[in-house]
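> Please find the sequence and the predicted model below.
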Amino acid sequence: MKIVETAINHGSFKTLVAAVTAADLVETLNSDGPFTVFAPLDEAFDALPDGTVATLVMPENKEKLTGILTYHVLAGKIMSTDLEDGMKAKTVNGQEVTVHLKDGKVLINDAEVVLADVETDNGVVHAINKVLMPS
């Protein structure tokens, strides 16, 4: 299974799948890759201010949505065992995220990895508890 199919089958990424679809990124995330995706759970999207998701998925906001979603994707397959404290990783949108290892937890910026190393045919998914926002 590819990344998007894995997210659909998991059941906790409905908002992410809807956003990826609205941004026309399904084909990209189903390509050969490999990719590493820091995938916000539905609860992470629910924690955003009211109306944020509805606004982002509007066609006129596709560019902004794409920028946010590609900030959650790294080129290459990076497993949790490859992560080091303070490590910076360039995302597909060109900006960097920072890895923090603290008290037995893995954080990507300030989002906690709550499920790591879900392998797919074209990469790996790490579920996170917050939506990462590029600067």
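Nice, thanks for sending it over.
> all strands in the chain, in order from the N-terminus.
Assigned by DSSP state E, the strands in the chain fall at 35-40, 73-75, 88-90, 96-102, 105-108, 111-120, 123-128.
> can you redo those strands as CSV with mean neighbour count?
The way it works is simple: take the backbone N, C-alpha and C, and place the C-beta from them, glycine included. Below are the strands of the chain laid out as CSV (neighbours: other Cβ atoms under 10 Å):
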stretch, mean neighbour count
strand 35-40, 24
strand 73-75, 19
strand 88-90, 12
strand 96-102, 15
strand 105-108, 17
strand 111-120, 16
strand 123-128, 23
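> so which of those strands comes closest to residue 23?
Closest of these to residue 23 is strand 73-75, at 11.4 Å (criterion: Cβ to Cβ).
> Return the distance of the closest one from the chain's centre.
9 Å (Cα atoms, centre = their mean, to the nearest Å).
> what mean pLDDT does that strand have?
Mean pLDDT, strand 73-75: 97.
> Mind giving me the packing neighbours of that strand?
The helices and strands touching strand 73-75, judged by 3 or more Cβ pairs under 8 Å, 6 or more residues apart in numbering; DSSP states H and E, are strand 35-40.
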